[in-house]
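> any chance you could fold what I've pasted below:
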Amino acid sequence: MTRNEHQGNGHGHVTETPDVSHIKNVDVTHEASDVSVGGILKFVVGLTIFAVVVHILIWGMFRFLNAQEEGKEPSPGPMAMTEQERRPPDPKLQSAPGFGVKLENGQWVPLENREPQAEYRVLLEQWEQTLKEGGRDHSGKIVGLPIDQAMQKVLEGKGLPSRPQAETNQGGPAEDYGIDMPTAASSGRMTEKRRQ
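This is a model prediction of the structure:
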C-alpha cells in the first residue's frame, strides 16, 4: 500500500491507495477503441486512388476540349505574315527564335534556343573541315586547302603572293602601295599614305 499525506485545514489527512499490481486481465492488452490504424491506411489509399483518377479525368477532359477548339480555328488570311516574316531582321540575338549560321557552302544551321557557344562550335567544325579537306564557297572559288596541298603548291613553283614592287613612271613619283594613316594635325580626320 502507498501512503500519501495531505495537509488541509490544518489537519493531516492520510489517504491509502490499495496495491492493484497483482490484478491482470489477459483478454485486454491495450485500448482498441482509440485509433484504428487499418482504417487510417484504407482512407489514405482510397484518397490517393481517388486523386489519381480525378487527375486523369481532368487531363482527358482538357485534351478533348483543346482538340475541339483546334478544329474551330479559322485558317490565316492571304495577307497574314508567316512566322519567318514576323521575326526581326538580321542580325538576331544568340539563342533567339530564327537565329542560326549560314556556312560557306550555303548550308543553314539553326541555333535557336541553344547555348551561346553553339555558334562557335559550328564555325570551328567548319574551319577544321576546311583545313583537313579543303573547301569552296558558294560561287565555286577555293577558300581553303589542306596544309599539305598548300605546301606542295608553294614548292611547285607558284611561290607565295607578294606586293608588286613600286615602279617609276618616266621619272615621276613611284606608285605608293603604303597604307593610309591618320595625321596628327587633323586629329585623325585626314589620312596620308605611308610606306610600311
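> count of neighbours near Gly100?
Other residues near Gly100 number 16, with proximity taken as other CB atoms under 10 Å. C-beta: built from backbone N, CA, C; applies to glycine.
> before we move on, what about Glu125?
As a burial measure, Glu125 scores 12 neighbours (other CB under 10 Å).
> from Phe99, how far off is it?
17 Å (CB to CB, to the nearest Å).
> for Ala150, same thing?
34 Å.
> any low-confidence regions in the protein?
Within the chain, the set of residues satisfying pLDDT under 70 comprises 1-14, 28-33, 137-138, 158-182, 184-196.
> quickly list the domain ranges of it.
When the chain is parsed with automatic domain parsing, its domains come out as 38-71, 92-158.
> among the ones you listed, which is the most enclosed?
Per residue and on average, the most neighbours among the domains of the chain fall to domain 92-158, with a mean of 13 (mean count of other CB atoms under 10 Å).
> who touches Val143 in this structure?
Val143 sits next to 104, 130, 135-137 when contact means CB atoms under 8 Å, 6 or more residues apart in numbering.
> next, format those as JSON lines and append distance to Phe43 and secondary structure.
JSON lines is the format used below for these (distance: CB to CB, whole Å; DSSP: H, G, I helix; E, B strand; the rest coil):
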{"residue": "Glu104", "distance to Phe43": "69", "secondary structure": "coil"}
{"residue": "Thr130", "distance to Phe43": "70", "secondary structure": "helix"}
{"residue": "Gly135", "distance to Phe43": "72", "secondary structure": "strand"}
{"residue": "Arg136", "distance to Phe43": "75", "secondary structure": "strand"}
{"residue": "Asp137", "distance to Phe43": "74", "secondary structure": "coil"}
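> just the closest of the residues you listed to Lys24, please.
Nearest to Lys24, judged by CB to CB, of the contacts of Val143 is Thr130 at 95.7 Å.
> Thr15 looks like it's in a helix, true?
No. If the criterion is DSSP: H, G, I helix; E, B strand; the rest coil, then Thr15 is strand and not within a helix.
> other residues contacting the one helix or strand Val122 maps to?
Per DSSP states H and E: Val122 is located in helix 117-133. Helix 117-133 has contacts (CB under 8 Å, 6+ apart) with 94, 101, 103-104, 109, 111, 135, 143-144, 146-147.
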